[in-house]
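J.: Structure of the sequence below:
(chains A, B, C and D)
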There are 2 protein chains.
Amino acid sequence: MISDQGTGLLILALHRATHATLGALQAGLADLDLTASEISALANLADGRARSIGELAMDTATKPTTLTSVLDRLVRRGYVVRQLDPADRRSFQVSLTAGGRQAAGSARAAVGDIERAVLATVTSADLAGFHAVTHAIMEVLR
Amino acid sequence: MISDQGTGLLILALHRATHATLGALQAGLADLDLTASEISALANLADGRARSIGELAMDTATKPTTLTSVLDRLVRRGYVVRQLDPADRRSFQVSLTAGGRQAAGSARAAVGDIERAVLATVTSADLAGFHAVTHAIMEVLR
DNA sequence: TATTGTTATACTCTATAACTATA
DNA sequence: TATAGTTATAGAGTATAACAATA
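T.: Predicted coordinates for the structure are as follows:
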């Protein structure tokens, strides 16, 4: 049943779910000692595609200035590398190292574990609706 | 179309949408000079119901220790009050002041503005699906 | 001139552990 | 003993503005 018509409950539910998943991910990946932002960066990079800082900032909905320190830590731990983009030497291409691929795999797996548990209890129409709403949010705020 | 089956894309989409709305809310409420956590606390209290710190922590999916400083600032600005719960004097009842009701109303309105724009572009089945998924997330992580 | 990303700075968010008061 | 919330502490997230290098 639909009970909110612009009351803000949709956004509050969104935020609650996000906070809850971030907390669970940090707990589930406690042995890797990763912060929420580090998990988010790794989970996004887990597809193996190299990205500029700006692209990664868009993917994680953060700002480049935030990513600087997140990436500094991931570089220090040997999980990612920054390589100058030959095509635009103002910009870096960020990619995973071999060790980083393993950590990113764990992050993506932990995210996937939560997701599978959720998918087991909703219909595919529900899932499609969820994606439609999050997509609409990004469009509205674009 | 449904393209993810436990790949983690659902959770990544959730986090992106949250970050995007928090950024937009802070920008839209710039004249009130509120942080994301303050907006979240006010938006939750906007229904007028007094809550214990623990309840508010559950509503916002944060920890009581985080709320201490958030509430300190809101108290200092005259938006909320902490009153000892006579029924359990270890605990506080947090509620809005008159000024706080106004600020909370603005926060809830800003949240509602985004929500209405989103609702205008999705079906009610999509919305129901969204709620089913966020609810399932909270259940899975409970 | 505009853009990419970093640096510097100043707050805010967050967790853990220790603590106080109450149950 | 257990629970509600605060305090202390330390590290991480965030924004803004200034900056360097490149386009």
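
J.: center of chain A, which residue is that?
T.: residue A:40 (3.4 Å; Cα atoms, centre = their mean).

J.: In terms of pLDDT, where does the residue lying closest to that one once chain neighbours are set aside sit?
T.: Nearest residue to residue A:40, sequence neighbours excluded (Cβ to Cβ, 6 or more residues apart in numbering or on different chains): residue A:60, at 5.0 Å. For the C-beta atoms, the positions are set from N, CA and C on the backbone; glycine is no exception. For residue A:60, the pLDDT comes out at 89.

J.: ok, so what distance separates residue A:60 from DNA strand C?
T.: 13 Å (Cβ to the nearest atom of the strand, to the nearest Å).

J.: Tell me if I'm right that the residue nearest to the centre of chain A and residue B:18 touch.
T.: No - counting by Cβ atoms under 8 Å, residue A:40 sits too far from residue B:18 to count as a contact (10.9 Å).

J.: and residue A:58, that's in a helix?
T.: Yes - according to DSSP: H, G, I helix; E, B strand; the rest coil, residue A:58 belongs to a helix.

J.: Tell me, how many residues neighbour it?
T.: As a burial measure, residue A:58 scores 15 neighbours (other Cβ atoms under 10 Å in any protein chain shown).

J.: Longest helix in chain A, please.
T.: helix A:98-119 (DSSP state H).

J.: Output that one in CSV with nothing but the alpha carbons.
T.: As requested, the backbone C-alpha atoms of helix A:98-119 are provided in CSV (Å, rounded to 0.1, in the frame of the first residue of the first chain):
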residue,chain,number,x,y,z
ALA,A,98,46.1,-7.5,-7.8
GLY,A,99,45.7,-7.2,-4.1
GLY,A,100,43.0,-4.6,-4.6
ARG,A,101,41.0,-6.9,-6.9
GLN,A,102,40.9,-9.3,-4.0
ALA,A,103,39.7,-6.7,-1.5
ALA,A,104,37.3,-5.3,-4.0
GLY,A,105,36.0,-8.8,-4.7
SER,A,106,35.3,-9.2,-1.0
ALA,A,107,33.6,-5.8,-0.8
ARG,A,108,31.4,-6.7,-3.8
ALA,A,109,30.7,-10.1,-2.3
ALA,A,110,29.6,-8.6,1.0
VAL,A,111,27.4,-6.1,-0.9
GLY,A,112,26.1,-9.0,-3.0
ASP,A,113,25.3,-11.1,0.1
ILE,A,114,23.0,-8.4,1.5
GLU,A,115,21.5,-8.0,-2.0
ARG,A,116,20.7,-11.6,-2.5
ALA,A,117,19.1,-11.8,0.9
VAL,A,118,16.9,-8.9,0.0
LEU,A,119,16.1,-10.2,-3.5
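
J.: what's that helix in contact with?
T.: A:21, A:24-25, A:28-29, A:32, A:34, A:39, A:42-43, A:45-46, A:48, A:74, A:77-80, A:96, A:127, B:4-12, B:133, B:136-137, B:140-141 (Cβ atoms under 8 Å, 6 or more residues apart in numbering or on different chains).

J.: what's the answer for stretch A:29-37, then?
T.: Counting by Cβ under 8 Å, 6+ apart, A:22, A:25-26, A:39, A:42, A:60, A:62, A:66, A:70, A:103, A:106-107, A:110 sit against stretch A:29-37.

J.: No more questions from me, cheers.
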